[in-house]
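J.: The following block contains a protein sequence and its predicted model.
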Amino acid sequence: MTYTFAKGHGTENDFVLLPDLDGSVHGGLSDEEMADRVRALCDRRAGIGGDGILRVIRTAAYTGADRPASDAEWFMDYRNADGTLAEMCGNGTRVFAEYLRSAGLAGDEVTFATRAGDKTLRAEGDVWTADLGSPKLLGSTQVTVAHHFWSACNVDMGNPHAAAEVESIDPHGPVGDLYDSPVFDETVYPHGVNVEFFERVGERHVAMRVYERGAGETRSCGTGACAVMVAAAEADGLAIARDADVTYRVDVPGGTLHVTWTTDDRVLLTGPAILIAEGATSL
């Protein structure tokens, strides 16, 4: 069976998009078969390569047991590179929105469903701003890499994050190359967690690296950037006492994102979304 795909990225967090508007292309696969297809597509040597899959489907056509109760026309069915389901993906929302716009399925503003609720995005050129909702600060935990320990701030951005402030994110330093997954408290995160390490660069300016569950270290993570911004703002005493919107610059290996925490407790993620290829495959 041959089917179409597209490829895109947001600050080099890259995705394979699967247009399946009415669910007729991939909807007949079992969960195991779909997971196999996702792994094959995301394989960077034998497949197209990607950090995850964005299946583009109408909400009403999605038949999974986890179909969201949403009036939005479109559903972002996101899956990690290892085939597992995920609640959502921050950079992925921008790439998904850019695909809808380029395909004539949406304009410069769009709301679509995810497993973490509806997300609304607005574009200025190829830069999109995603309203990712209200963050939840859930206390602290500890993460470990190669016998080094750091306290991490637990932040729920619709998906789980543990953000640890460190002196340096240099891969030759204590954080290492993140080839192996950081160790975390599985009683706190029974379904895994995205772990971010961030360092201060300047006032309201941080740099981060991330180990994403189901994908490993990636070039960028949108919700991770939001979690880092929230953790940094919390440490800076801005989590509660905000009389104006607060914006931080977050540098990632794949580029730069800007995250704003508004006075009405919304987190806005701003960054590029670029489509780079389309074609057909039988993977």
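T.: Nice, I can see it. Numbers count the residues shown, from 1 in each chain.
J.: can you pull out the helices in this protein?
T.: 31-42, 90-102, 222-235 (DSSP state H).
J.: Format the ones you listed as TSV; extra columns: distance to Val145, mean neighbour count and mean pLDDT.
T.: (Glycine included, C-beta is placed from N, CA and C.) Converted to TSV, the helices of the chain look like this (distance: least, CB to CB, whole Å; neighbours: other CB atoms under 10 Å; pLDDT from 0 to 100):
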stretch	distance to Val145	mean neighbour count	mean pLDDT
helix 31-42	24	18	97
helix 90-102	23	26	98
helix 222-235	16	27	97
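J.: now those helices in JSON lines, with distance to Gly214?
T.: Formatted as JSON lines, those follow (distance: least, CB to CB, whole Å):
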{"stretch": "helix 31-42", "distance to Gly214": "10"}
{"stretch": "helix 90-102", "distance to Gly214": "13"}
{"stretch": "helix 222-235", "distance to Gly214": "13"}
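J.: Which one of those lies nearest to Thr270?
T.: helix 90-102 (8.8 Å; CB to CB).
J.: Which residue lies nearest the spatial centre of the chain?
T.: Cys89 (2.8 Å; CA atoms, centre = their mean).
J.: how about that residue, what does it touch?
T.: Shown in contact with Cys89 (CB atoms under 8 Å, 6 or more residues apart in numbering): Asn13, Phe15, Gly52, Leu54, Met76, Tyr78, Asn159, Gly222, Thr223.
J.: Please report the distance of the last one from Arg44.
T.: I take that to be Thr223. Here the criterion is CB to CB, to the nearest Å. By it, Thr223 lies 22 Å from Arg44.
J.: Flag the shaky bits of this structure, pLDDT-wise.
T.: The chain contains residues with pLDDT under 70 at 179-180, 241-242.
J.: Mark out where each domain of it begins and ends.
T.: Recorded structural domains for the chain (assignment: automatic domain parsing) are 3-133+273-281, 136-265.
J.: Might you report the residue contacts of the nearest residue in space to Val259 that is not next to it in sequence?
T.: Once flanking residues are discounted, Val259 sits nearest to Met229: 3.9 Å by CB to CB, 6 or more residues apart in numbering. Counting by CB under 8 Å, 6+ apart, Met229 makes contact with Val206, Tyr248, Val250, Val259, Trp261, Val267.
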